[in-house]
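Peer 1: generate coordinates for the sequence data below:
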Amino acid sequence: MVSGNVHGVEVAAVEAAIRAAEQRTSGEIRVAVARFYFWGDVSRAARHAFARLRMARTRHRNGVLVFVAPRRRQIAIVADVGLDERVGAAFWRDVVESMTARAKRGELTGGLVEGIANIGGVLATACPAEPNVDANELPNTVAVVGQEPKPR
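Peer 2: Now for the predicted structure:
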């Protein structure tokens, strides 16, 4: 479990935003932070993290991963197939642009919290919470992902 501050991401604030957003939806939101500085494609790394964190293992295929490369101030979102049908690509692009703009102004955590709230609002409409079902299928924790550095 990660706590404190990870590369500028205030973990407690982000995890609280995830819990709040998920109260209104059956959808699952997860945030992954890149462990090390890398030059690779952020979207590709996000798809890899989506698979590694088993985001597709939800009953309704309604998981969303927000992937953060803090040192590059880049963010990517990967939504499972159950959401791609209900939420347009323009929404995901707008959320990424908003979060990225705030990250570039030094407001990484604030941008993530705002973005998670926006995602939660759309998920509440696209896949509302199910009455009498409290199925938190994925952890609400911030994951730190990335390859370990090679030993010298």
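Peer 1: helix, strand or coil for the residue nearest in space to the middle of the chain?
Peer 2: The chain has residue 66 as the residue nearest its centroid, 2.3 Å off, counting by CA atoms, centre = their mean. The assignment at residue 66 comes out as strand when based on DSSP: H, G, I helix; E, B strand; the rest coil.
Peer 1: one more: residue 122?
Peer 2: helix.
Peer 1: measure the nearest residue to residue 120 once chain neighbours are set aside to residue 146 for me?
Peer 2: Take residue 120 and drop its neighbours on the chain: the residue closest to it by CB to CB, 6 or more residues apart in numbering is residue 21, 2.6 Å away. Just so you know, the C-beta spots here come from the backbone N, C-alpha and C atoms, and that holds for glycine as well. Using CB to CB, to the nearest Å, residue 21 is found at 25 Å from residue 146.
Peer 1: report the buried residues of stretch 122-136.
Peer 2: Within stretch 122-136, the residues scored as buried using 16 or more other CB atoms under 10 Å are 122-124, 126-127, 129.
Peer 1: ok now it, how far from the chain's centre?
Peer 2: 17 Å (CA atoms, centre = their mean, to the nearest Å).
Peer 1: contacts for it?
Peer 2: Contact partners of stretch 122-136, identified using CB atoms under 8 Å, 6 or more residues apart in numbering, comprise 21-29, 59-60, 62, 64, 82-83, 86-87, 91.
Peer 1: show me those residues that map onto helices.
Peer 2: If you go by DSSP state H, those have 21-22, 82-83, 91 in helices.
Peer 1: next one: stretch 7-16 to chain centre, how far?
Peer 2: 12 Å.
Peer 1: ends of it, how far apart?
Peer 2: 18 Å (CA to CA, to the nearest Å).
Peer 1: show residues contacting it.
Peer 2: Applying CB under 8 Å, 6+ apart, the external contacts of stretch 7-16 come out as 2-5, 31, 33-34, 68, 70-71, 108-109, 112-113, 116, 140-142.
Peer 1: try 6 Å
Peer 2: The contact list for stretch 7-16 (CB atoms under 6 Å, 6 or more residues apart in numbering) reads 2-3, 31, 33, 70, 108-109, 112-113, 140, 142.
Peer 1: in it, which residues are buried?
Peer 2: Within stretch 7-16, the residues scored as buried using 16+ other CB under 10 Å are 9-11, 13-15.
Peer 1: having no further points to raise, I will conclude here.
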